[in-house]
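[1] Everything below, folded, please.
(one chain, ligands or ions: 1)
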Amino acid sequence: MTEPINIKELTKAQARQELAQLAGILARANSAYHGADAPEMSDADYDQLKRRNAGIEAHFPDLKRPDSPSEQVGSRAQDGFSKVPHAVRMLSLGNAFEDADVGAFDTSIRKFLGLDAKASLQYTAEPKIDGLSLSICYEHGQLVQAATRGDGAVGENVTANARTIRDIPQVLENAPAVLEVRGEVYMSHADFTALNKAQIKAGNKPFANPRNAAAGSLRQLDATITRARPLRFFAYAWGEISEPIAQTQLKAIDRLAALGFCVNPLTALCDGPDQMIAHYRGIEARRATLGYDIDGVVYKVNDLALQERLGFRSTTPRWAIAHKFPAELAWTRLESIDIQVGRTGALSPVARLAPVTVGGVVVSNATLHNEDYITGRDATGTTIRDGKDIRVGDWVQVYRAGDVIPKIADVDMGKRPDSAVPYVFPKICPKCQSDAIREEGDAVRRCSGGMICPAQAVEKLKHFVSRGAFDIDGLGAKQVEQFYKDDWISEPADIFTLKDRFATGLQQLKNREGWGDKSALNLFDAIDDKRRIPLGRLIFALGIRHVGEAGSNMLALHYGTWLAFVAAMPKATGEGAQWEELIGIDGVGAVMATSLVTAFAQENERASINRLVEHLQIEAAQRPDTDGSPVAGKTVVFTGTLEKMSRAEAKARAESLGAKVSGSVSAKTDLLVAGPGAGSKAKKARELGIETLDEDGWLALIGAT
Ligand code: IVH
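    Numbers count the residues shown, from 1 in each chain. Sure, this is the predicted structure:
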């Protein structure tokens, strides 16, 4: 080892680089020490490096790393994984199920980009690995952090575990200064079978499938367990990078391979839907002999500049899609039908089945959707299963596709017992005995009990603490049920007064099974942590019907602050400027808008929300990096024909620059972009004195000429 530079003489760049190296070396030494019989490094050397690290950190406090060795006590089990934000969100993929969906994908991309049907447009096609995604960050070629996808914005820090995976290089040569590699952690069939044998032999529960085994192995608090599990990794994407790694998807994958990553050998370049589907069939034919699970084929636009233009919807890229393999099937007996009551009061029938293996997973429940589905009709009233109804005692064919809840595809009428009678759907709520009402045009029957219905109240609370919502560590579905049953919490606001009500005594919580001093205090801390909450999460957490995670984020981005959001809720549906503004938001349709209006008009609901927000500091929603954008915060309306880009691209572009794009002109409009053929909107803008630009003027304004 060369004599280290005196800490006081280090430049900032040198310090940053050395901290990255030290984080890598110390973490490796840690897992070697705890994981193997032969430690790599003497205790004295180890301590010296740790002191050097602490010394540099003391001198350059702002360079202290999120995975700083000073914060780590060996690699022994911790309470849980620390959370790490993803610099670039980790998204999921839209799905295609049929060949026609692949054609539609290509058509929608051409439309967005304004390409005609003859223009060349290439795609890559590669297997969709059925594992779990992982992000691995390298700085100056050193592996510094690995994280699971988590909710896409924040993942779990599994760095110590990822270092034990042999497919994952610890050091890269000739890599960009910052390179975040993404891909899938998975387990091969052979390794899975051997692992399960060992699990059974050791008296442990076997894993249901290779994916669960991979997930369970990666998410071990003790990295020595992960080390003993045969995990593999395929790289297929990237996140944060300090410089472009290629100009096409295919070349980027080649680059990852050259850096030492395993990339999937079945990746091909295709000229259009016909070749994509042909490659899909080829991969499907080889599926059984690959030796690892795949659940479809992923198509990606090959040209990275086009990927960039296409950008993202709220949770999926426009430039990629997953073409799923058909679902797997099995026959079994329907033993009973249960009715569950959801947070919006929906009565959902659930089939309890004699357990059966479908595609490697044991299935004992399937959804029956609603009463029409049981009688043999789908949501549009069309006959399904040739009109065969479903009865308790029937032999039913179950299918599952990927992660979705299993469904019932068919009924074997030849095996129907003579005693089987048509199922009678309950007209009163089985949980609170209120009337269960089915409104005109709604396939779902709903409990009318509102918050007096214990099932609705509990489901609302469970939703409130769930992952995309408040995500309170230590307060999951089980604890919520327990607390609700004992009258400790009956609405979300009560969660935030738990500490005042119980902290001093603590005794009551500690007396409960599964709670001690530490877990009780941890719970109060975890609750305190969430008193500060981003606006989008809060809106989602309210559990308003039809207002999902994506919709909530759209609302948050549009209105910015809680006060603005609440003040802007229309008093009635279907009219007025507030209504127009609401339904003009991308992703908010009349259905979601009506649901919001109804929720905010209900006095009880409003009072409950008001009680909740008293305990919170609500973070305003921030549009991504639109500093210096001339249109940030402005409301823009496009009308007429655009010639340089499609309407969809113009809208996506404006939004990425921080503008709100609305469908109609009102006093709130800041700018109208009018192409040829603009009609009533241009007229209205003139009347209201709103600035109007043509397409070239708009492109000049946003600096895109
Ligand atoms: S690309 C922006 N390629 O599928 C999306 N994903 O359903 C980038 N997955 O979260 C993902 N194999 O975990 C991509 N060849 C592949 C994949 C793949 C499996 C997973 C990934 C992702 C999920 C989306």
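[2] Quick check: D394 touching L334?
    Yes: in this structure D394 lies within contact range of L334 using Cβ atoms under 8 Å: 5.0 Å. Bear in mind the C-beta positions are built from the backbone N, C-alpha and C, glycine included.
[3] Now do the contacts for the residue of the chain found nearest the ligand.
    As assessed by Cβ to the nearest ligand atom, the ligand sits closest to S133 within the chain, at 3.2 Å. Residues in contact with S133, defined by Cβ atoms under 8 Å, 6 or more residues apart in numbering, are 90, 148-149, 182-185.
[4] mind running it again at 6 Å?
    S133 makes contacts with 149, 184, as judged by Cβ atoms under 6 Å, 6 or more residues apart in numbering.
[5] Secondary structure element holding it?
    Element membership of S133 [criterion: DSSP states H and E] is strand 132-139.
[6] anything in the helix or strand following that strand near the ligand?
    With elements assigned by DSSP H and E, the helix or strand that comes after strand 132-139 is strand 142-148. No: applying Cβ under 6 Å from any ligand atom, one finds strand 142-148 separated from the ligand by no less than 10.0 Å.
[7] Convert the C-alpha atoms of strand 142-148 to PDB, please.
    Output of strand 142-148 as PDB, limited to C-alpha atoms (Å, rounded to 0.1, in the frame of the first residue of the first chain):
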ATOM      1  CA  GLN A 142     -16.600   0.700  -7.400                       C
ATOM      2  CA  LEU A 143     -19.900  -1.000  -6.400                       C
ATOM      3  CA  VAL A 144     -21.200   1.500  -3.700                       C
ATOM      4  CA  GLN A 145     -24.900   0.700  -3.300                       C
ATOM      5  CA  ALA A 146     -27.500  -1.800  -4.300                       C
ATOM      6  CA  ALA A 147     -31.200  -1.400  -3.700                       C
ATOM      7  CA  THR A 148     -34.500  -3.200  -4.400                       C
END
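[8] Not counting that strand itself, show me its contacts.
    Outside strand 142-148, the residues touching it (Cβ under 6 Å, 6+ apart) are 20-21, 23-24, 67, 84, 134-137, 155-159, 162, 170.
[9] How far away from the center of its chain is the longest helix along the chain?
    For the chain, the helix with the greatest residue count under DSSP state H is helix 12-35. What separates the centre of helix 12-35 from the centre of its chain is 31 Å, taken as Cα atoms, centre = their mean, to the nearest Å.
[10] Taking helix 12-35 as reference, get the angle to the next helix or strand after it.
    Going down the chain from helix 12-35, the next helix or strand is helix 43-59, by DSSP H and E. Here the directions of helix 43-59 and helix 12-35 differ by 140 degrees (axes from the mean of the first three to the mean of the last three Cα atoms, to 10 degrees).
[11] mind listing what's buried in helix 43-59?
    46, 49-50, 52-53, 56-57 (16 or more other Cβ atoms under 10 Å).
[12] and the closest residue to G675 other than its chain neighbours, how many neighbours does it have?
    Excluding its sequence neighbours, the residue lying closest to G675 (Cβ to Cβ, 6 or more residues apart in numbering) is G640, at 3.5 Å. Neighbour count of G640, defined by other Cβ atoms under 10 Å: 18.
[13] give me the element Q433 is part of.
    Q433 belongs to no helix or strand, assigned by DSSP H and E.
[14] I'd like to know how many residues surround it.
    Other residues close to Q433 by other Cβ under 10 Å number 11.
[15] who in the stretch 151-300 of the chain is up against the ligand?
    Residues of the stretch 151-300 of the chain lying near the ligand (Cβ under 6 Å from any ligand atom): 184, 236-237, 298.
[16] Could I have the buried ones of those as ChimeraX selection syntax?
    Burial among these is assessed by 16+ other Cβ under 10 Å; the matching ChimeraX selection reads:
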select :184,236,237,298
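[17] could you dump the residues of the stretch 151-300 of the chain next to the ligand to JSON lines with secondary structure and pLDDT?
    Shown next, in JSON lines, are these (DSSP: H, G, I helix; E, B strand; the rest coil; pLDDT from 0 to 100):
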{"residue": "E184", "secondary structure": "strand", "pLDDT": "98"}
{"residue": "Y236", "secondary structure": "strand", "pLDDT": "98"}
{"residue": "A237", "secondary structure": "strand", "pLDDT": "97"}
{"residue": "V298", "secondary structure": "strand", "pLDDT": "98"}
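[18] nearest to F464, of the residues of the stretch 151-300 of the chain next to the ligand?
    E184 (31.8 Å; Cβ to Cβ).
[19] show me the contacts for the closest one.
    Going by Cβ under 6 Å, 6+ apart, the list of residues near E184 reads 129, 131, 133, 234.
[20] in the sheet, who's paired with the third one?
    I take that to be S133. E184 (DSSP bridges).
[21] for the last one, same thing?
    When bridges are called by DSSP bridges, F234 pairs up with E184.
[22] change the start of the numbering to 440 and stick with it
    All set: I'll call the first residue 440, so the last point we hit is now F673.
[23] Could you count how many residues lie near it?
    Neighbours of F673 (other Cβ under 10 Å): 21.
[24] likewise the second one?
    Here the count is done by other Cβ under 10 Å, and G570 has 25 residues near it.
[25] Now do the phi/psi pair for the nearest residue to it once chain neighbours are set aside.
    Leaving aside its sequence neighbours, G570 sits nearest to Y625 (Cβ to Cβ, 6+ apart; 3.2 Å). When read as degrees, to the nearest 10, the backbone of Y625 gives phi -150, psi 170.
[26] Count the residues that sit near Y625.
    25.
[27] Ok, the one 5 residues further on next?
    D630: 20 surrounding residues under other Cβ under 10 Å.
[28] which residues touch it?
    P669 are the contacts of D630 under Cβ under 6 Å, 6+ apart.
[29] Repeat the analysis, applying 8 Å as the threshold.
    D630 neighbours (Cβ under 8 Å, 6+ apart): 649, 669, 671.
[30] I844 now?
    I844 neighbours (Cβ under 8 Å, 6+ apart): 804-806.
[31] Make a PyMOL selection of the buried ones in those.
    Selecting only the buried entries of those in PyMOL, with 16+ other Cβ under 10 Å as the criterion:
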select buried, resi 805+806
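[32] Tabulate the contacts of I844 in CSV, adding columns for secondary structure, distance to the ligand and pLDDT.
    CSV is the format used below for these (DSSP: H, G, I helix; E, B strand; the rest coil; distance: Cβ to the nearest ligand atom, whole Å; pLDDT from 0 to 100):
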residue, secondary structure, distance to the ligand, pLDDT
N804, strand, 23, 93
A805, strand, 22, 94
T806, strand, 21, 92
